[in-house]
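S.K.: Attaching a predicted model along with its sequence, questions to come.
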Amino acid sequence: MGGDHGPAVTLPACRAFLDKHVHAELVLVGTPEALAPAAGWPRCRLVTASEVVTMDDPVEVALRKKRDSSMRVAIAQLKSSDDGVAAADACVSAGNTGALMAVARYVLKTLEGIDRPAIATVMPNRKDAFTTVLDLGANVDCTPEHLLQFAVMGSALVAAVEGKEEPTVGLLNIGEEAIKGSEIIKRAGELLRAAGAAGDINFFGNVEGNDIYKGTVDIVVCDGFVGNVLLKTSEGLASMLTEFIREEFTRSWFTKLAALAAMPALKRFKTRVDPRRYNGAALLGLRGLVFKSHGSADAYAFESALSRAYDAARNRLPARVQDRIGPVLAALTAGAAAPEQAA
């Protein structure tokens, strides 16, 4: 029901996803009227909800007043019933981001050892691959411990979805040197280096913004304020470049001829930077898989979000996060207890 277009986009995307993933099943949640076109679809179950969280609803409304919203009902499908089995393995929504995070955290709770969930997505790099970045807006103010947790969660995500068991982690900073950055960043660097030395993560060191597009590391960790600005700037730049190329190559017969010769390269560039390919941001750290699609996503983009959620579910992402955070949590607890014992 969410996003700028609602069922006009999500239903065609769901049908295309089912056609391509013959072993997948979908649970569609929405109003009876919206779900009617999907009646009789194979491997598809319909669950009705009487309310909808709008894109401009405050978080308080989504949490306290719209308890039968499609968003809340969809997230509740991830909770185990009395027999210990959940109705769904992952939830995908294009709805209100703040409401989705708040409702998901309230209904599902966080994994043991995780203080705050984080939003993670991928950005294209020069290696014709992706760099995973988190947090992208869930946490504006972060402690060094939060950034360490983000590194662990990002490592679990990349290991699960991309099959890289020891992905490299970089800490976003204003320079590569350990002495640079705020006190929070410098302390986070110390924690990440300690976790790297213990073998809990594969820490590369500090990285700068351009390293994201170089593909220097597999994962880049930052606070939500920086991450959200980075994401929106990247999307705006990709859109501007695509539009600029289109306009420049239609100005005259000469540019049209040049465009014809350059068309294969231009198509590859457009495909590589197309944000629809990497739509679907994971809300990491919850006791269940929740993925956020862009509100403006078209059917192709929403199908991409479904595919990312499906891959994460098949590869047991929450369990991998829990397995990885255990040793890190133990080390943090031991480190905090040491000064007290010395005192």
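M.R.: That came in fine, so what should we check first? Numbers count the residues shown, from 1 in each chain.
S.K.: what helix or strand is the closest residue in space to residue 62 that isn't next to it in sequence on?
M.R.: Residue nearest to residue 62 in three dimensions, not counting chain neighbours: residue 99, with 3.6 Å by Cβ to Cβ, 6 or more residues apart in numbering. (Glycine included, C-beta is placed from N, CA and C.) Using DSSP states H and E, the element containing residue 99 is helix 97-108.
S.K.: now the angle from the helix or strand just after that helix to helix 97-108?
M.R.: Going down the chain from helix 97-108, the next helix or strand is strand 118-124, by DSSP H and E. Angle, strand 118-124 to helix 97-108, by axes from the mean of the first three to the mean of the last three Cα atoms, to 10 degrees: 130 degrees.
S.K.: tell me what strand 118-124 is packed against?
M.R.: Here strand 118-124 touches strand 130-134, helix 144-162, helix 209-214, helix 224-248, strand 281-284, going by 3 or more Cβ pairs under 8 Å, 6 or more residues apart in numbering; DSSP states H and E.
S.K.: Parallel or antiparallel, which strands does that strand pair with?
M.R.: Note on strand 118-124: by DSSP bridges, its sheet partners are strand 130-134 (antiparallel), strand 281-284 (antiparallel).
S.K.: Switch the ones you listed over to TSV; also include mean pLDDT.
M.R.: Formatted as TSV, these follow (pLDDT from 0 to 100):
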stretch	mean pLDDT
strand 130-134	95
strand 281-284	94
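S.K.: Any chance of those in a markdown table with mean neighbour count and distance to residue 240 as columns?
M.R.: Output for the strands paired with strand 118-124, formatted as a markdown table (neighbours: other Cβ atoms under 10 Å; distance: least, Cβ to Cβ, whole Å):
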| stretch | mean neighbour count | distance to residue 240 |
| --- | --- | --- |
| strand 130-134 | 25 | 20 |
| strand 281-284 | 28 | 22 |
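S.K.: Just give the number of residues close to residue 104.
M.R.: Neighbouring residues of residue 104 were enumerated by other Cβ atoms under 10 Å; the total is 27.
S.K.: Check the secondary structure at the closest residue to it other than its chain neighbours for me.
M.R.: Nearest in space to residue 104, with sequence neighbours left out and distances taken as Cβ to Cβ, 6+ apart, is residue 290 at 4.7 Å. Three-state call for residue 290 (DSSP: H, G, I helix; E, B strand; the rest coil): strand.
S.K.: ok, and residue 40, which helix or strand is that part of?
M.R.: Counting by DSSP H and E, residue 40 is part of no helix or strand.
S.K.: ok, it to residue 227 distance?
M.R.: Residue 40 sits 42 Å away from residue 227, taking Cβ to Cβ, to the nearest Å as the criterion.
S.K.: Let me see the confidence value for the residue nearest to residue 62.
M.R.: With respect to pLDDT, residue 99 scores 94.
S.K.: Residue 40 and residue 227: who's more crowded?
M.R.: Neighbours per residue, other Cβ under 10 Å: of residue 40 and residue 227, the larger number sits with residue 227, 27 against 7.
S.K.: Spit out the contact partners of the more buried one.
M.R.: By Cβ atoms under 8 Å, 6 or more residues apart in numbering, the contact set of residue 227 is 119, 133-137.
S.K.: please redo it, this time with the cut-off set to 6 Å
M.R.: 135-136 (Cβ atoms under 6 Å, 6 or more residues apart in numbering).
S.K.: Distance to residue 194 added to the strands paired with strand 118-124, as CSV?
M.R.: CSV is the format used below for the strands paired with strand 118-124 (distance: least, Cβ to Cβ, whole Å):
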stretch, distance to residue 194
strand 130-134, 20
strand 281-284, 21
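S.K.: Can you say which of those strands is nearest to residue 153?
M.R.: Counting by Cβ to Cβ, residue 153 lies closest to strand 281-284 out of the strands paired with strand 118-124; the figure is 4.1 Å.
S.K.: circling back to that earlier point, number of nearby residues for the residue nearest to residue 62?
M.R.: By other Cβ under 10 Å, the residues close to residue 99 number 26.
S.K.: Equivalent analysis for residue 31, please.
M.R.: The burial count for residue 31: 16, using other Cβ under 10 Å.
S.K.: confidence score at it?
M.R.: 97.
S.K.: residue contacts, it?
M.R.: Residue 31 neighbours (Cβ under 6 Å, 6+ apart): none.
S.K.: Distance check, residue 311 against residue 325.
M.R.: For residue 311 relative to residue 325 (Cβ to Cβ), the value is 21 Å.
S.K.: So which of these two has more stuff around it?
M.R.: residue 325 (23 against 16).
S.K.: Can you tell me how far that one is from residue 150?
M.R.: From residue 325 over to residue 150 (counting by Cβ to Cβ), the distance is 11 Å.
S.K.: mean pLDDT lowest for which of the helices and strands packed on strand 118-124?
M.R.: Across those, the lowest-scoring stretch is helix 224-248, with a mean of 80.
S.K.: Could you list the buried residues of that helix?
M.R.: For helix 224-248, burial by neighbour count (16 or more other Cβ atoms under 10 Å) applies to 224, 226-228, 230-231, 234, 238.
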